[in-house]
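>>> can you look at this prediction? I've put the sequence above it.
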Amino acid sequence: MKQTTAMWVLGHKLKPHPTTGDFDMVVFETPAGVPGPPPHLHNNYQEAFLILEGEMEFMINGETRVLKAGESVDIPSGILHTFGNKSASPCKWVNVHSPKGFFDFFKMVGIPEHEEDAIAKSVHPDIIQKVLDHAQDFDMSIPPPVGV
């Protein structure tokens, strides 16, 4: 199968792994201290995370959990969630979306890893706005922050 080039998305480096099944599978490398996306939910996608190295903090329906290497979490559709690497070490993890299709979001906002200043470009305010403007196009609902 054809491998796709790695890219940076919101400060996280990702490498897609094409599948023949009805799911997208991506391996991420998240530097220390990098936050994740805004809290969001998917109405149609189910999502799973498997931590390979390091640890990642998750917020799932208001509960905070820290997953370490070898641990995983399955997030059904309709569940509010986010994640980020609040540790002092990098984290490597696998992300799966089912059904297939969410990888198109990563392609839309991703910056190819070989591009100059790719990491900084991936968190530029224009990219953040693009995420907010197009989230609904990819079954990503971002509720307003509490108290707004």
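Received it, and whenever you're ready, just let me know what you need.
>>> pLDDT weak spots in the chain?
Applying pLDDT under 70 to the chain picks out residues 1-4, 146-148.
>>> in this structure, which spans are helices?
Along the chain, the segments classed as helices by DSSP state H run 103-109, 118-122, 125-134.
>>> which other residues reach the first one?
Helix 103-109 is contacted by residues 7, 9-10, 14, 16, 24, 26, 97, 122, 127, 130-131, 134, 137-138, 140 when judged by CB atoms under 8 Å, 6 or more residues apart in numbering. Every residue, glycine included, has its C-beta placed from N, CA and C.
>>> buried residues in that helix?
The neighbour-count check on helix 103-109 (16 or more other CB atoms under 10 Å) flags Phe103, Phe105, Phe106, Val109 as buried.
>>> just the C-alphas of that helix, formatted as CSV.
Written as CSV, here are the backbone C-alpha positions of helix 103-109 (Å, rounded to 0.1, in the frame of the first residue of the first chain):
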residue,chain,number,x,y,z
PHE,A,103,-8.1,11.6,7.6
ASP,A,104,-9.3,14.1,5.0
PHE,A,105,-9.5,16.6,7.9
PHE,A,106,-5.8,16.0,8.7
LYS,A,107,-4.9,16.5,5.0
MET,A,108,-6.8,19.8,4.9
VAL,A,109,-5.0,21.4,7.9
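>>> now that helix, how far from the centre of its chain.
The chain centroid and the centroid of helix 103-109 are separated by 10 Å, computed with CA atoms, centre = their mean, to the nearest Å.
>>> please pick the buried ones from the contacts of helix 103-109.
Applying 16+ other CB under 10 Å to those flags 7, 9-10, 14, 16, 24, 26, 97, 122, 127, 131, 138, 140 as buried.
>>> Throw the residues you listed into TSV and include distance to Asp74, thanks.
Shown next, in TSV, are those (distance: CB to CB, whole Å):
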residue	distance to Asp74
Met7	25
Val9	21
Leu10	22
Leu14	20
Pro16	20
Asp24	15
Val26	16
His97	12
Ser122	27
Ile127	28
Val131	24
Phe138	20
Met140	18
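>>> tell me the one of those residues nearest Pro39?
Met140 (10.6 Å; CB to CB).
>>> who is the spatially closest residue to that closest one that is not a sequence neighbour paired with across the strands?
Spatially, and ignoring its direct neighbours in sequence, Met140 is nearest to His40 (5.0 Å; CB to CB, 6 or more residues apart in numbering). On the basis of DSSP bridges, His40 is bridged to His81.
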